[in-house]
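**Student:** Dropping a prediction and its sequence here:
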Amino acid sequence: MAGNGVGLLAGPREAFERFRDMMLAGGSDGLESLLADDGVVEAPFAPPGAPRRFEGRDTFVALVASRREGLAGRVRFTAVREVVVHDTADPEVAVIEFEVEAVRLADGLSAAAPFAVVVRVQDGRVVLWREYQDPAVMALVVAEPQT
């Protein structure tokens, strides 16, 4: 597995903490910088027409880059709260519940959405990130404001 420039992860808790910190910092790196080359990202409740599974970091990066560009200057993630980590019998896997708050910069509209992720870390990289969310809540913030 190639290095991604972020150092190896100690486990799923650290993977989530780094993801959270990068999301709130609003930088250009995110989950993709934590993924193994062959990492899998799943979104079982993705909206119709959106992919539900990405195999490999390069595949994930190709989609995330365009989405991130579309949000740049329009939406800022302001908080990750209500974090609950459920460790499992497998030290490589944790289930993490949290809430993300975002604000639409054009008019200050904010919304918070609950999330749950299943994270598996092997050899210091995320090999599985399965994310459950209600995409309709965040869609409110991402949509253009009504004039």
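**Tutor:** On my side now, so go ahead. Numbering: from 1, shown residues only.
**Student:** Spatially nearest residue to the most centrally placed residue in the chain (excluding sequence neighbours)?
**Tutor:** In the chain, the centroid-proximal residue (C-alpha atoms, centre = their mean) is Leu31; its distance is 5.7 Å. Closest residue to Leu31 apart from its sequence neighbours, by C-beta to C-beta, 6 or more residues apart in numbering: Phe19 at 5.6 Å. Placement of C-beta: from N, CA and C, glycine included.
**Student:** Can you get me a residue count around that neighbour?
**Tutor:** 22 (other C-beta atoms under 10 Å).
**Student:** Could I get the phi/psi values of the nearest residue to Glu42 once chain neighbours are set aside?
**Tutor:** Closest residue to Glu42 apart from its sequence neighbours, by C-beta to C-beta, 6+ apart: Arg130 at 4.3 Å. Dihedral angles of Arg130 (phi, psi; degrees, to the nearest 10) stand at phi -110, psi 110.
**Student:** quick one on the thing from earlier: can you check the pLDDT for the residue nearest to the centre of the chain?
**Tutor:** Leu31 carries a pLDDT value of 87.
**Student:** List the contacts of it.
**Tutor:** Counting by C-beta atoms under 8 Å, 6 or more residues apart in numbering, Leu31 touches Phe19, Met22, Val41, Phe60, Val64, Val126, Trp129.
**Student:** on that earlier part again, tell me who's in contact with the residue nearest to Glu42.
**Tutor:** Applying C-beta under 8 Å, 6+ apart, the residues contacting Arg130 are Val41, Glu42, Ala43, Pro44, Val117, Val118, Val119.
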